[in-house]
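Novice: Pasting the sequence and the predicted model now:
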Amino acid sequence: NGTPSLLVPPNKDSSPDEILSSFANLDHSRASRAGFPEAVFGQGKTPSQIHSILDSMAENVNEQVEVAAQSNKSVTAASTAILATRVDRDVFDAMVEIGPLRHGVMEYHDTARIISVQANALVKTDDEATTNDDDTSRQSVVVACAGTTDLPVAEEAALTLSLSGVPVMRIYDCGVAGLHRIV
């Protein structure tokens, strides 16, 4: 019929992978290849699509953690970071209505408009350590913004870096009227 598969709704008998592949092509190995995780750009996606994508990403992280544990290795924060950016609160609320993720736990960050997910395999007790972020050679990043209008974008950048294991120093409200905060 000439309709792109992206627009054809999956039938009720489709597997979760078939449904996901009808609208997303995830790069689960980006963090190992590029040193920084894949992020979902949520703007324009439906709550159901974001929910499915994040659950698939959490499932992949759970598998990575299991493989690492079997070989007495650890995983990095960058390889376990799961986030969707540019998600409005009403979209997140609709995702909550869909139900919890099967493979992780969602958290909404209002100012940044980001949903972060902690994969189930990373929920740990106080004496367990599943990620290795002891890389002291990793430089920190300063995220600065002029004023409150810039806060959402600055916090999106800061939170993305932080969730990926990069130390962040936030300096907000340092525009012309707030130069004293950085000099």
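Specialist: Alright, I've got the coordinates.

Novice: How many residues are close by the residue lying closest to Ile82 once chain neighbours are set aside?
Specialist: Once flanking residues are discounted, Ile82 sits nearest to Val117: 3.9 Å by CB to CB, 6 or more residues apart in numbering. Yep, even glycine has a C-beta here, placed from its N, CA and C like the rest. Neighbour count of Val117, defined by other CB atoms under 10 Å: 24.

Novice: Which positions in stretch 56-74 come out as buried?
Specialist: Judged by neighbour count using 16 or more other CB atoms under 10 Å, the buried positions of stretch 56-74 are 56-62, 64-65, 68.

Novice: Of those, which is the nearest to Asp93?
Specialist: Of all these, Ala58 has the smallest distance to Asp93: 19.5 Å, by CB to CB.

Novice: Can you tell me the SS state at that closest one?
Specialist: Using DSSP: H, G, I helix; E, B strand; the rest coil, the structure places Ala58 in helix.

Novice: got the contact list for Gln49?
Specialist: 23-24 (CB atoms under 8 Å, 6 or more residues apart in numbering).

Novice: mind running it again at 10 Å?
Specialist: By CB atoms under 10 Å, 6 or more residues apart in numbering, Gln49 lies in contact with 19-20, 22-24, 40, 42, 84, 95.

Novice: residues in contact with Ala177?
Specialist: Counting by CB under 10 Å, 6+ apart, Ala177 touches 146-147.

Novice: Kindly recompute the last result at 8 Å.
Specialist: Counting by CB under 8 Å, 6+ apart, Ala177 has contacts Gly147.

Novice: Then Ile53?
Specialist: Ile53 makes contacts with 20, 24, 26, 40, 45, 84, as judged by CB under 8 Å, 6+ apart.

Novice: Alright, calling it a day.
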